[in-house]
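S.K.: sequence unknown, structure follows:
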Ligand code: HAM
């Protein structure tokens with residue numbers, strides 16, 4: 001017996017109604033903002049993530065699925081979507097079409113993490129990247145878009161957190177302040193944080209270890225260390241959020257797990273999800289394209305985790321559209337009825353109905369049982385008698401009523417019933 005790998009899942013049956021709802025809502029809302037879909041490869045050169053996500057991040061240090069292909073190249077299953085989209089932007093010279101460029105994507109990403117509810121090793125992200133605008137207008141647009149997606153999904157119990165981690169000019173000062181603050185406490189921190197103190201000190205602020213948490217509250221606040229330009233950018237974003245009625249909470253300790261962020265960072269958390277409660281995360285990354293070899297181009301974006309949004313929909317008991325059922329089952333009484341059954345099924349499918357015919361050569365009793373199991377609305381029964389007289393028997397499975405009618409009637413009546 002071979003089982004699926006830890007941290008992965010098989011998606012099927014009723015569960016998929018949540019996925020379709022999220023994917024369709026995402027496509028609908030991003031279309032309204034004129035984002036264009038982009039599909040990049042599932043694997044990329046490992047260097048893309050070393051340079052893009054950052055060598056000192058947990059993602060690169062601990063979580064990548066990296067392998068060598070038969071040609072000796074180091075490849076990595078993508079652990080996130082932003083660096084690949086920027087790689088594609090540079091490689092395909094999208095900049096020649098002018099700025100801004102707005103992309104959306106949905107697809108699987110891979111991280112070697114300890115699996116638990118809402119934390120998978122293969123999970124799905126939906127996301128957008130807005131390339132080219134340095135202004136807080138762009139930060140506002142992607143945040144507005146993220147909120148629109150959640151509202152269109154009929155979710156309510158979420159909260160937006162806004163932070164600002166400064167830029168390459170002011171962040172060193174903030175880092176210094178953090179160092180001064182943490183230095184005397186160093187031997188009380190967890191092993192990872194003692195290491196991160198030297199390599200990636202911002203991450204001390206979101207360590208989940210109980211040893212480290214008590215020190216986070218009093219740590220210096222990012223907002224107090226912003227340079228004038230970052231402060232202006234921050235104030236402008238806050239003005240838009242306030243004026244345009246978006247609720248948020250400021251978080252001067254909000255840091256993210258990827259190194260490419262500059263200035264605005266944000267997360268949307270859902271109150272029902274426990275420790276893995278971030279359903280959407282994003283921010284501005286003005287240095288990434290240059291880091292990857294392109295011309296310096298400021299950009300901003302976000303990604304959401306579909307598995308977590310599914311959990312949020314379930315926890316909030318949101319009514320999601322049902323999966324469609326079979327609408328017409330065509331039962332055959334004998335072999336002679338097969339050809340007319342095929343023809344009728346094609347006609348009805350041509351009119352947009354969901355139709356099944358007998359594929360198991362079952363007797364009529366078992367065909368009716370099967371039709372019941374399918375939850376189909378109508379069964380059309382075709383036998384010799386029916387063929388001779390040019391009529392079919394139609395059974396409405398809801399009322400149990402059975403009538404004899406001709407083919408035109410079936411098409412018109414049933415099609416109208418479903419359209420109505
Ligand atoms: P991220 O915060 O690493 O950001 O991931 C985005 C979202 O993916 C999270 O908010 C969460 O909902 C989901 N997620 C992350 N890890 C897991 C996991 N192990 N299992 C299930 N869901 C998970 C990024 O990936 C950035 N690329 C976002 C971005 C786009 N920033 C700018 N543009």
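M.R.: Arrived safely, thanks for sending. Since this is a predicted model, take the numbers as computed values, not measurements.
S.K.: can you give me the helices for the stretch 251-400 of the chain?
M.R.: Along the stretch 251-400 of the chain, counting by DSSP state H, counting those that start in this stretch, helices occupy 288-291, 306-315, 338-350, 364-374, 384-389.
S.K.: identify all contacting residues around the longest one.
M.R.: Residues outside helix 338-350 that contact it (CB atoms under 8 Å, 6 or more residues apart in numbering): 328, 330, 332, 355-358, 380, 382, 387, 392, 407, 410-411, 414-415. Where you see a C-beta, it was placed from the backbone N, CA and C, and this is true even at glycine.
S.K.: again, 10 Å this time
M.R.: Helix 338-350 is contacted by residues 327-333, 337, 353-358, 361, 378, 380-383, 386-387, 390, 392, 407-408, 410-411, 414-415 when judged by CB atoms under 10 Å, 6 or more residues apart in numbering.
S.K.: the shortest one too?
M.R.: Surrounding helix 288-291, the residues in contact under the criterion CB under 10 Å, 6+ apart are 51-54, 82-83, 85-87, 89-90, 95, 129, 131-132, 258-262, 285, 294-299, 301.
S.K.: what residues of stretch 341-348 count as buried?
M.R.: For stretch 341-348, the neighbour count (16 or more other CB atoms under 10 Å) marks 341, 344-345, 347-348 as buried.
S.K.: swap in stretch 159-176?
M.R.: Buried residues in stretch 159-176 (16+ other CB under 10 Å): 160-167, 170-171, 174-175.
S.K.: with stretch 298-312 instead?
M.R.: Result for stretch 298-312 [16+ other CB under 10 Å]: buried residues 298-312.
S.K.: what does the stretch 301-420 of the chain put close to the ligand?
M.R.: 301-305, 307-308 (CB under 6 Å from any ligand atom).
S.K.: strands - which of these land there?
M.R.: The members of these that map onto strands under DSSP state E are 301-305.
S.K.: contact residues of the stretch 101-250 of the chain facing the ligand?
M.R.: Proximity of the stretch 101-250 of the chain to the ligand, by CB under 6 Å from any ligand atom, involves residues 111, 113, 118-120, 123, 125, 127, 129.
S.K.: mind running it again at 8 Å?
M.R.: Applying CB under 8 Å from any ligand atom, one finds that the stretch 101-250 of the chain approaches the ligand through 109, 111, 113, 115, 118-121, 123-125, 127-129.
S.K.: so which of these sit within strands?
M.R.: 109, 123-125, 127-129.
S.K.: quick one on the thing from earlier: now restrict the contacts of helix 338-350 to buried residues only.
M.R.: Buried members of the contacts of helix 338-350, counted by 16+ other CB under 10 Å: 327-333, 337, 353-358, 378, 380-383, 386-387, 392, 407, 410-411, 414-415.
S.K.: can you show me the strands along the stretch 51-200 of the chain?
M.R.: In order along the chain, the stretch 51-200 of the chain carries the following strands (DSSP state E, counting those that start in this stretch): 65-68, 74-77, 101-110, 122-131, 158-164.
S.K.: most tightly packed of the ones you listed?
M.R.: With neighbours defined as mean count of other CB atoms under 10 Å, these peak in mean count at strand 122-131, which reaches a mean of 24.
S.K.: mind checking how far that one is from the chain centre?
M.R.: Strand 122-131 has its C-alpha centroid displaced from the chain centroid by 6 Å (CA atoms, centre = their mean, to the nearest Å).
S.K.: what about the residue of the stretch 151-300 of the chain found nearest the ligand, neighbour count?
M.R.: Per CB to the nearest ligand atom, residue 281 is where the stretch 151-300 of the chain lies closest to the ligand, at 3.0 Å. By the measure other CB atoms under 10 Å, the count of residues near residue 281 is 24.
S.K.: repeat that for residue 40.
M.R.: Residue 40, neighbours per other CB under 10 Å, totals 18.
S.K.: ignoring the adjacent residues along the chain, who's closest to it?
M.R.: residue 84 (4.1 Å; CB to CB, 6 or more residues apart in numbering).
S.K.: so what's the gap between the helix or strand hosting residue 409 and the chain middle?
M.R.: Per DSSP states H and E: residue 409 is located in helix 407-419. How far helix 407-419 lies from its chain's middle: 38 Å, per CA atoms, centre = their mean.
S.K.: pLDDT averaged over it - what is it?
M.R.: For helix 407-419, mean pLDDT is 80.
S.K.: what's the answer for stretch 9-20, then?
M.R.: The pLDDT scores in stretch 9-20 average 98.
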